[in-house]
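[1] this one's structure only:
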């Protein structure tokens, strides 16, 4: 501890002597690479408006690369454009285009490699392979960037923002479109993903693999191949997000696979093929979510135990719950179901008869998808009614014993 004041004095002293170095075609220093070579620690490169045809720019000292009027850094499809290998680097206000494409190397517009205390903000990336790639990085922020790809197929495209073996990162207020996965996490813990818009991506708006203790909140995932996939992770908090129009034969708002001890609270799932597709996931709290006009609100595919579905609104979905097991260890309590036709004689706001959310027809469709053409037929209504009266194919205890008579009103989750 006694060395901290000395380190602070040295750090502050270096910052006091930092200088601004202009870079432009008419300046003494004409290229970004030359500017980095000439700069001292904690200097700022003021990159003037213009087009700089450079790639493999390595930032190997603590610097700020600050663009004026969004200078264009054109990699000419030759490879990676900026690689950061030093702590304490800021990239601000650049327009980066034409990242190289490779089947053997994950070329990125900006890569942060084995360093910390970085800030990447106000950057526009277009015509890219990978956008921003954080590799074994920590204690940084990716803020207010716009990443627009032109992905056509998965095998020849990369992800917008990728985190690999990274920790303590905030990904905030970014727009990501037309890439493979909008935001991708693998082996990355204590990550906060907030206020982002991830849309029109080939595969997932957000994709987790083997990542724990992460939070994503106030994001919009719209019109992706599928909304969000959370796989082989634990202690993930998912709050106040919007999952909309992730529509297709294999699309969903969220896919949960082998997830434990998570929270899904205050989200909106609207017009998805499946709102939540869950398999092998346990001890998850589903509270105060709205499921609106989805094909299936929730599909439970098995091996899901000790989960609770409380105070959610199920509004005008073709199927509210799909369940393929004859055992139920999950709790459904105080939800609002738009299909509920019960009554409330004591006027306490809770239905006097339980609601069974699993229709027999959903059971049939799971096994024979072609029967979906009979969705609105009278014959199917009769079958569903018979299953409610005397459950045979669904667990007898899979019911909401206290369904709400009015929609649950949720307050913002903080």
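    Great, that's in hand. Quick caveat, the model's predicted, so the values are computed rather than measured.

[2] Helix, strand, or coil at residue 34?
    What DSSP: H, G, I helix; E, B strand; the rest coil gives for residue 34 is helix.

[3] how many neighbours does the nearest residue to it once chain neighbours are set aside have?
    Nearest residue to residue 34 in three dimensions, chain neighbours excluded: residue 23, at 7.8 Å (Cβ to Cβ, 6 or more residues apart in numbering). Any C-beta I mention is one placed from the backbone N, CA and C, and that applies to glycine too. By other Cβ atoms under 10 Å, the residues close to residue 23 number 27.

[4] from here on, count from 57
    Understood, numbering begins at 57; the last thing we discussed is residue 79.

[5] Who are the contact partners of residue 79?
    Applying Cβ atoms under 8 Å, 6 or more residues apart in numbering, we find residue 79 in contact with 85-88, 90-91, 101-104.

[6] just the helices in the stretch 157-306 of the chain please.
    Assigned by DSSP state H, counting those that start in this stretch, the stretch 157-306 of the chain shows no helices.

[7] Pull up the distance across stretch 187-204, start to finish.
    9 Å (Cα to Cα, to the nearest Å).

[8] For that stretch, give the mean pLDDT please.
    Averaging pLDDT along stretch 187-204 gives 98.

[9] Give me the neighbour count for residue 211.
    For residue 211, using other Cβ under 10 Å, the count is 7.

[10] Repeat that for residue 208.
    Residues lying near residue 208 (other Cβ under 10 Å) number 10.

[11] and if you look at residue 368?
    29.

[12] what's the answer for the one 4 residues further on, then?
    When neighbours are defined as other Cβ under 10 Å, residue 372 has 12 of them.

[13] so what's it up against?
    348-349, 394.

[14] quick one: pLDDT of the residue nearest to residue 90?
    pLDDT for residue 79: 97.

[15] Output the below-cut-off pLDDT ranges for the stretch 357-470 of the chain.
    The stretch 357-470 of the chain contains residues with pLDDT under 70 at 416-450, 467-470.

[16] again, 90 this time
    Along the stretch 357-470 of the chain, the model assigns pLDDT under 90 to residues 357-359, 374-375, 378-385, 397, 412-454, 464-470.

[17] can you map out the helices along it?
    Using DSSP H, counting those that start in this stretch, helices in the stretch 357-470 of the chain cover 416-423, 434-445.

[18] Count the neighbours of residue 145 for me.
    24.

[19] repeat for the one 4 residues further on
    Applying the criterion other Cβ under 10 Å, we find 16 residues in the vicinity of residue 149.

[20] list the contacts for it?
    Residue 149 is in contact with 122-124, 126, 177-179, counting by Cβ under 8 Å, 6+ apart.

[21] How many neighbouring residues does the nearest residue to residue 238 once chain neighbours are set aside have?
    Nearest non-adjacent residue to residue 238, counting by Cβ to Cβ, 6+ apart: residue 254, 3.2 Å away. Neighbour count of residue 254, defined by other Cβ under 10 Å: 28.

[22] you'd agree residue 254 is up against residue 216?
    Yes. Using Cβ atoms under 8 Å as the test, residue 254 is close enough to residue 216 to be in contact (7.3 Å).

[23] any residues in contact with both of these two?
    With Cβ under 8 Å, 6+ apart as the test, residue 254 and residue 216 both reach 232-233, 238-239.

[24] For residue 261, state which of those is nearest.
    Nearest to residue 261 among the shared contacts of residue 254 and residue 216 is residue 238, at 4.6 Å by Cβ to Cβ.

[25] What number of residues are in the vicinity of the closest one?
    Number of residues near residue 238 (other Cβ under 10 Å) recorded here: 33.
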